[in-house]
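> from the sequence below, what's the structure:
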Amino acid sequence: MAAAERAFKMPKVSKADRPLVMRLVAYILGPLLHLLFWVKVSGKEKLPKKGAYILVFNHVTHLDPLVVAYATFFGLKRGPHFLAKGGLFKIPVLGPLLIAAGQVPVYRSGRTNIEPMSAAYEFLKAGHVITIFPEGTLTREPNGWPMRGKTGSVRMAIEAGVPIYSAGQWGSEVVLPTYTKNLKPKPWHKVSVQIGEEINLDKFHGRKLSTEELKDATEIVMKAITKQVEILRGAKAPAKLYDPAEHGQSQFGNFNKNGKK
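Numbering: from 1, shown residues only. As a prediction, this is how the structure comes out:
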């Protein structure tokens, strides 16, 4: 039996939407990010300027958290709070810095995510923004389209009673192709972020949802994200969301290394 993963320290909730450490990190990393690409945000007028909401994105490359953080902090003028994989928080200096900047570590095995989810709810209660990649990992869809999602973001939005908005992002795969380490900095290259309307989940409110209902609500969310990606790519996505399980692919990690493409 595998040993339980060491418990992570959870971030403290600040009253400030963009606390000091977050601002320091942003103003240091922001200019450096321009050495890789530049980010353009469209549709930001659809989002509340104040108050809590959840913003959900598609996940194409390992650069996406930088894209989303930049778009949220500089484009939307809000403080991004991620639910990020725990491995990042084990890295010396980076881990404590992420915690201080209000990012939430999540476990992939060995422990339940009760504490991380509680921390995320506290940020929402304080009126902050939670940014999530519902797919839980980089897309396995062969052409980079959004795939099936996990139910956490939907459950959080419904239980916390906060709006959830879709967002698509596209362009980071040119700088760092999916599931590779072949970084190709392009300071002139545009990575686009498209914000969508609030996702209507009214029919799921006011009652305890079954597993199937949560999956149905999550599909609505993923299709709303896909719609934004279609706008950015100027193309039509497959009608059915890609499901890695149907193709014998692992849930996490680089499935290409496992010989499953």
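> so residue 84, which of the three states?
Using DSSP: H, G, I helix; E, B strand; the rest coil, the structure places residue 84 in strand.
> show me the contacts for it.
Residues counted as contacts of residue 84 (C-beta atoms under 8 Å, 6 or more residues apart in numbering) are 65, 98, 103, 104, 105, 106. No exception for glycine: its C-beta is placed from N, CA and C like everyone else's.
> now, the residues you listed that are in helices?
65, 98 (DSSP state H).
> want to throw the contacts of residue 84 into a markdown table with neighbour count, pLDDT and distance to residue 55?
Formatted as a markdown table, the contacts of residue 84 follow (neighbours: other C-beta atoms under 10 Å; pLDDT from 0 to 100; distance: C-beta to C-beta, whole Å):
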| residue | neighbour count | pLDDT | distance to residue 55 |
| --- | --- | --- | --- |
| 65 | 20 | 92 | 13 |
| 98 | 20 | 90 | 18 |
| 103 | 23 | 93 | 15 |
| 104 | 25 | 91 | 14 |
| 105 | 26 | 87 | 19 |
| 106 | 20 | 84 | 17 |
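> show me which of the contacts of residue 84 is closest to residue 175.
Closest approach to residue 175 among the contacts of residue 84 (C-beta to C-beta): residue 65, at 13.5 Å.
> now do the SS call for the residue nearest to residue 106 when sequence neighbours are not counted.
Ranked by C-beta to C-beta, 6 or more residues apart in numbering and with sequence neighbours excluded, the top spatial neighbour of residue 106 is residue 116, at 4.6 Å. Put simply, residue 116 is helix when judged by three-state DSSP.
> outside of the helix or strand hosting residue 165, which residues touch it?
Using DSSP states H and E, residue 165 maps to strand 164-170. Residues from elsewhere that reach strand 164-170, judged by C-beta under 8 Å, 6+ apart: 46-47, 53-58, 60, 64, 67-68, 71, 153-154, 157, 191-199, 201, 221, 224-233.
> which stretches of the stretch 1-150 of the chain form helices?
For the stretch 1-150 of the chain, the helices defined by DSSP state H, counting those that start in this stretch cover 20-33, 64-70, 94-100, 114-125.
> coming back round to it: just after the strand holding residue 165, pick out the following helix or strand.
Counting by DSSP H and E, the next helix or strand C-terminal to strand 164-170 is helix 172-175.
> any regions of this structure where pLDDT drops low?
Applying pLDDT under 70 to the chain flags the ranges 1-5, 110, 250-261.
> same thing but 90
For the chain, the stretches flagged by pLDDT under 90 are 1-9, 83-97, 105-117, 136, 178-181, 206-208, 245-261.
> max-length strand in it?
As assigned by DSSP state E, the longest strand anywhere in the chain is strand 190-198.
> what residues sit buried inside that strand?
191, 192, 193, 194, 195, 196 (16 or more other C-beta atoms under 10 Å).
> neighbouring strands for that strand, and are they parallel or not?
The strands beside strand 190-198 in its sheet (DSSP bridges) come out as strand 38-42 (parallel), strand 164-170 (antiparallel).
> right, and those - which one's nearest residue 87?
Among the strands paired with strand 190-198, the nearest to residue 87 by C-beta to C-beta is strand 164-170 (22.2 Å).
> now do the buried residues in the closest one.
164, 165, 166, 167, 168, 169, 170.
> show residues contacting the helix or strand following the longest strand of the chain.
Using DSSP H and E, the next helix or strand after strand 190-198 towards the C-terminus is helix 211-233. For helix 211-233, contacts defined as C-beta under 8 Å, 6+ apart pick out 56-58, 134-135, 145-151, 153-155, 158, 164, 166-171, 192, 194-196, 199, 201, 204, 209, 236-237, 241.
> could you point out which of the helices of the stretch 1-150 of the chain sits nearest residue 186?
With C-beta to C-beta as the measure, helix 20-33 is the member of the helices of the stretch 1-150 of the chain nearest residue 186 (12.0 Å).
> ok and that closest one relative to strand 190-198, angle-wise?
130 degrees (axes from the mean of the first three to the mean of the last three C-alpha atoms, to 10 degrees).
> elements contacting helix 20-33?
In terms of contacts (3 or more C-beta pairs under 8 Å, 6 or more residues apart in numbering; DSSP states H and E), helix 20-33 is packed against helix 64-70, helix 94-100.
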